[in-house]
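Student: need a 3D model of the sequence below.
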Amino acid sequence: MELRELLGGEVQTVTPKTSVVAAATIMEQAGVGSLVVIYDGELTGIFTERDVLRSVADGGEPAVDLVEDWMTPYPDAFLPDMDVREAADWMLASGYRHLPVVEDNELIGMASIKDILWALTSEPAD
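Tutor: Down below sits the predicted model:
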């Protein structure tokens with residue numbers, strides 16, 4: 001199975017200048033654990049629930065702090081034809097829980113660890 005088969009729904013995005021509180025609100029309302037950070041039409045970061053937690057634990061001011069202060073800048077992006085087993089190996093090795101998927105330099109989706117686990121457990125055994 002390829003990553004493209006896991007993609008669906010709208011990818012939630014923010015700009016680097018979005019406040020941490022606003023980003024957290026978007027994640028909560030959309031029921032997602034990460035947001036893609038877009039600036040000038042390009043993928044410039046990823047902001048996750050872990051980043052929200054870090055901002056609070058480190059004494060930040062989520063109502064004032066910006067996504068750009070806590071995001072992972074220029075994250076690895078993955079092609080839609082990547083095999084889900086390879087994606088799972090990548091996630092284990094890197095600690096990633098969300099994979100931005102791009103095609104022709106365009107963001108086409110986000111694959112989460114939950115998506116990958118679903119794919120792996122739904123595939124017939126070899």
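
Student: what helix or strand is D115 on?
Tutor: For D115, the element it lies in under DSSP states H and E is helix 113-122.

Student: show me what counts as buried in that helix.
Tutor: Using 16 or more other C-beta atoms under 10 Å as the test for burial, helix 113-122 gives 113, 115-116, 119. Bear in mind the C-beta positions are built from the backbone N, C-alpha and C, glycine included.

Student: try stretch 59-73
Tutor: Residues 60, 65-68, 70-72 are the ones in stretch 59-73 that count as buried (16+ other C-beta under 10 Å).

Student: quick revisit: for the helix holding D115, packing partners?
Tutor: helix 84-94 (3 or more C-beta pairs under 8 Å, 6 or more residues apart in numbering; DSSP states H and E).

Student: check which helices and strands the helix it packs on sits against.
Tutor: Judged by 3+ C-beta pairs under 8 Å, 6+ apart, the packing partners of helix 84-94 are strand 98-103, helix 113-122.

Student: before we move on, back to that, out of the buried residues of stretch 59-73, who's nearest E86?
Tutor: Among those, T72 lies closest to E86 (C-beta to C-beta), at 20.6 Å.

Student: what about the residue nearest to that closest one when sequence neighbours are not counted, distance to V67?
Tutor: Spatial nearest neighbour of T72, excluding adjacent residues (C-beta to C-beta, 6 or more residues apart in numbering): I46 at 5.1 Å. Remark: distance between I46 and V67 (C-beta to C-beta, to the nearest Å) = 10 Å.

Student: shared neighbours, these two?
Tutor: By C-beta atoms under 8 Å, 6 or more residues apart in numbering, I46 and V67 have these common neighbours: 35, 37.
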